[in-house]
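# Please work out how this folds:
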Amino acid sequence: MKIILKDDLVNLGQAGEVVEVKPGYGRNYLIPRGLAVVANKSNVRRYEEETRQRAHKLEQKRKDAEALAGRLDGMELELRMRVGEENRLFGTVTTQQIAEALAEKNIEVDRRKIIIGEEIRVTGVYSATVKVHPEHDAELKLRVVTEDGTMPAPPPEPVYAEPEPEVDEAAAEEAEAEAELSDEMDSEDAEL
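This is a model prediction of the structure:
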């Protein structure tokens, strides 16, 4: 009996394939459970048309994702946040806030497709990745600033004095003794 699979089945094949099975397996198991349909002329034509349309839709989605990735790649977003001491944020920047900032620019992106590499807890410039499509990613540049739109200077780095190198006293005395011995030998050679 020839059937057309509606779902991927491990031992039989992929969805949309026409396969040969034993009549009892097809009639009693696959067809009643909605896993397959009989492969007559009308069903074969219908599945071929659905496959063609599905491929066309997938290609259109890929093209749309490529265009969106082109728009997003290198885009700079400014996120205004409440800031406390030492430019530290109250909370962190979330993917929801990034999705809302993109929505303000008329770009709809699901927040679950936005990936922030590190927790953002201080004002500054960061990057985020948007998984637009399995084949296309886009990099966003995030400028996290204060509520009034300024980016305060980072706090000065503490200056530490360089520790003086430790001197091995025994080695220093030995080197000094060798230098004196060498000087004595040089003076004896000079006298001869």
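# ok, now how distant is residue 70 from residue 137?
Counting by CB to CB, to the nearest Å, the gap between residue 70 and residue 137 amounts to 12 Å. Quick note: C-beta positions are derived from backbone N, CA and C, even for glycine.
# Longest helix of this protein, counting residues only.
Using DSSP state H to define each element, the chain has its longest helix at helix 41-72.
# Tell me which other helices or strands that one touches.
Here helix 41-72 touches strand 2-5, strand 124-133, strand 136-146, going by 3 or more CB pairs under 8 Å, 6 or more residues apart in numbering; DSSP states H and E.
# deepest of those strands, which one?
When you average the neighbours per residue for each of the helices and strands packed on helix 41-72 (mean count of other CB atoms under 10 Å), strand 2-5 leads with a mean of 20.
# That one pairs with which strands?
Strand partners for strand 2-5, identified by DSSP bridges, are recorded as strand 18-20 (antiparallel), strand 36-38 (antiparallel).
# For the first one, which outside residues touch it?
If I follow you right, that is strand 18-20. Contact with strand 18-20 is made by 1, 2, 3, 4, 5, 12, 13, 39, 44, as judged by CB atoms under 8 Å, 6 or more residues apart in numbering.
# Can you lay out those residues as a markdown table showing pLDDT?
As requested, the contacts of strand 18-20 are exported to a markdown table (pLDDT from 0 to 100):
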| residue | pLDDT |
| --- | --- |
| 1 | 92 |
| 2 | 92 |
| 3 | 93 |
| 4 | 92 |
| 5 | 91 |
| 12 | 90 |
| 13 | 89 |
| 39 | 92 |
| 44 | 90 |
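# hmm, which two among those residues are most spread apart?
Distance extremes for those: the farthest pair is 12 and 44 at 16.6 Å, using CB to CB.
# chain center to the longest helix of the chain, what's the gap?
For helix 41-72, the separation from the chain centroid amounts to 26 Å (computed by CA atoms, centre = their mean, to the nearest Å).
# From here on, call the first residue 12.
All set: I'll call the first residue 12, so the last point we hit is now helix 52-83.
# Can you verify residue 117 is assigned to a helix?
No - using DSSP: H, G, I helix; E, B strand; the rest coil, the assignment for residue 117 is coil, not a helix.
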